[in-house]
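Q: Sequence and computational prediction follow.
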Amino acid sequence: MIFLWQLENIRTPFFNEIMQFVTYFGQELLIIAVICALYWCADKRFAYYLGFTYFTAGFCVQALKITFRIPRPWILDPEFKAVKSAIPAATGYSFPSGHTQGATCLFFPLALRAKKAWAKILFILAFLCVGFSRMYLGCHTPKDVFVSMGLSIIIASVFWHFRSKLENVTTCTAQISVLLGILAFALAGYAWYLYHRQMIALKYAMDCFKAAGAGLGFALGWYLERTHLDFQPDTCSGKGQILKFIIGILLTLCVKLIISFIFGSSILAKSAEYFILLLWIIYFYPYLFAKYSKH
C-alpha cells in the first residue's frame, strides 16, 4: 500500500488515460481475440499453446483468489482512491491479478517464440507495463501483480518445454483433454463449496464458473478438432484470412448474445455460456468454415 500511495501522488489525468489504455491488453476479450486470430488464420499449434497456458494459469489464479480472499486496495485502506475508470473492470478479489495473468500468458509466450531480440524485449515490456498499470490505477498491490506474473511465467515455461509433445501427441489426446476438464470441474466444485458455506459471495463464485466453463469448452473443442476435424488455418489468401477472422468474430458475438438471452444470468447459465462459446471458437466455426469455404 505504501507503493500504491506513492504512485497516487504522481498521477496525472494524461497518464491516467495512458495506463487505462495499457491495462486493456490484459483483458480476456483481447486475449481471446488474439487466440482466435492465430487459431483461425495463422498458427493453430501456437494458438493451442496459448490456450493451454491461459486457461491453466487462469484456473490457478481464480483458485488463489477465492482461497485468500484479499480485498481490493481501496477496501484495505478506505482513504486510498483508485482511478475511477479502472474500478468497473476490477471484479473479484485482489490477489492475484487477473489482468497481469492474462497479459503475461499472452506476451511471455510471444517473447519465447520471437526470433529477434528487439521483439523479445518488446513483448516482455508489454506484460511488465500491464502489471505496472494495475498498480498505477490502484487496482492491485505489488504482491498481487508479481505473484500472478511469476505463476504465469512458470506455467508458460512448462508448456513451452513440452510444446512439441503437446503438438504432436496422437495417443493421449483424450487423456490431456480429460485432465484439463478435471481441473475445470475442480475449480467449479471448490467455488461452489465455498459459496455454499457462505465463505464467498455469488459474484466471486461466478468468475470461477465462467473460467471453468471456458476451460472445459476449450478442452472438449481441442479433443474434437484433433480427432475429427484437423482444421487447417492457412487455406485462404490474405484477404480471405481477414474476411474469415471478421466473420468469425461477428458470429462469435452473435452466439454469445443468443446464448445469454436464452440461458439467462444464473451461475450455471454463465458457465454453460462460456463453455459453448469456446466450443464454438475451437470446433464449430472451423467445422463450418472447412465445410462451406469453397462456396
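A: That came through, no problem. Numbering: from 1, shown residues only.

Q: Could you export stretch 237-257 as PDB, CA atoms only?
A: Output in PDB follows, covering the C-alpha atoms of stretch 237-257 (Å, rounded to 0.1, in the frame of the first residue of the first chain):
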ATOM      1  CA  SER A 237      -5.300 -15.900 -49.300                       C
ATOM      2  CA  GLY A 238      -4.500 -12.700 -47.300                       C
ATOM      3  CA  LYS A 239      -7.900 -11.100 -48.000                       C
ATOM      4  CA  GLY A 240      -9.700 -14.400 -47.300                       C
ATOM      5  CA  GLN A 241      -7.900 -14.700 -43.900                       C
ATOM      6  CA  ILE A 242      -9.100 -11.200 -43.000                       C
ATOM      7  CA  LEU A 243     -12.600 -12.000 -44.000                       C
ATOM      8  CA  LYS A 244     -12.500 -15.300 -42.200                       C
ATOM      9  CA  PHE A 245     -11.500 -13.500 -39.000                       C
ATOM     10  CA  ILE A 246     -14.100 -10.700 -39.300                       C
ATOM     11  CA  ILE A 247     -16.900 -13.200 -40.000                       C
ATOM     12  CA  GLY A 248     -15.700 -15.400 -37.100                       C
ATOM     13  CA  ILE A 249     -15.700 -12.600 -34.600                       C
ATOM     14  CA  LEU A 250     -19.100 -11.300 -35.700                       C
ATOM     15  CA  LEU A 251     -20.600 -14.800 -35.500                       C
ATOM     16  CA  THR A 252     -19.000 -15.300 -32.100                       C
ATOM     17  CA  LEU A 253     -20.500 -12.100 -30.800                       C
ATOM     18  CA  CYS A 254     -23.900 -13.200 -32.100                       C
ATOM     19  CA  VAL A 255     -23.500 -16.600 -30.500                       C
ATOM     20  CA  LYS A 256     -22.700 -15.000 -27.200                       C
ATOM     21  CA  LEU A 257     -25.700 -12.700 -27.300                       C
END
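
Q: Can you show me the CA trace of the helix or strand residue 182 falls within as PDB?
A: Assigning secondary structure by DSSP states H and E places residue 182 in helix 173-196. C-alpha atoms of helix 173-196 as PDB (Å, rounded to 0.1, in the frame of the first residue of the first chain):
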ATOM      1  CA  THR A 173      -5.300 -36.600 -26.800                       C
ATOM      2  CA  ALA A 174      -8.300 -37.800 -24.800                       C
ATOM      3  CA  GLN A 175      -6.300 -38.000 -21.600                       C
ATOM      4  CA  ILE A 176      -5.000 -34.400 -21.900                       C
ATOM      5  CA  SER A 177      -8.400 -33.200 -22.600                       C
ATOM      6  CA  VAL A 178      -9.900 -35.000 -19.600                       C
ATOM      7  CA  LEU A 179      -7.100 -33.700 -17.400                       C
ATOM      8  CA  LEU A 180      -7.900 -30.100 -18.300                       C
ATOM      9  CA  GLY A 181     -11.600 -30.900 -17.800                       C
ATOM     10  CA  ILE A 182     -10.900 -32.300 -14.400                       C
ATOM     11  CA  LEU A 183      -9.100 -29.000 -13.400                       C
ATOM     12  CA  ALA A 184     -12.100 -27.100 -14.600                       C
ATOM     13  CA  PHE A 185     -14.600 -29.200 -12.600                       C
ATOM     14  CA  ALA A 186     -12.300 -29.000  -9.600                       C
ATOM     15  CA  LEU A 187     -12.300 -25.200  -9.700                       C
ATOM     16  CA  ALA A 188     -16.100 -25.000 -10.100                       C
ATOM     17  CA  GLY A 189     -16.600 -27.500  -7.300                       C
ATOM     18  CA  TYR A 190     -14.300 -25.600  -5.000                       C
ATOM     19  CA  ALA A 191     -16.000 -22.300  -5.700                       C
ATOM     20  CA  TRP A 192     -19.400 -23.900  -5.200                       C
ATOM     21  CA  TYR A 193     -18.300 -25.400  -1.900                       C
ATOM     22  CA  LEU A 194     -17.100 -22.000  -0.600                       C
ATOM     23  CA  TYR A 195     -20.200 -20.300  -1.800                       C
ATOM     24  CA  HIS A 196     -22.500 -22.900  -0.200                       C
END
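
Q: Buried ones in the helix or strand just after that helix, by neighbour count?
A: With elements assigned by DSSP H and E, the helix or strand that comes after helix 173-196 is helix 202-224. Within helix 202-224, the residues scored as buried using 16 or more other CB atoms under 10 Å are 204-224. Using the backbone N, CA and C atoms, a C-beta is placed for each residue, glycine as well.
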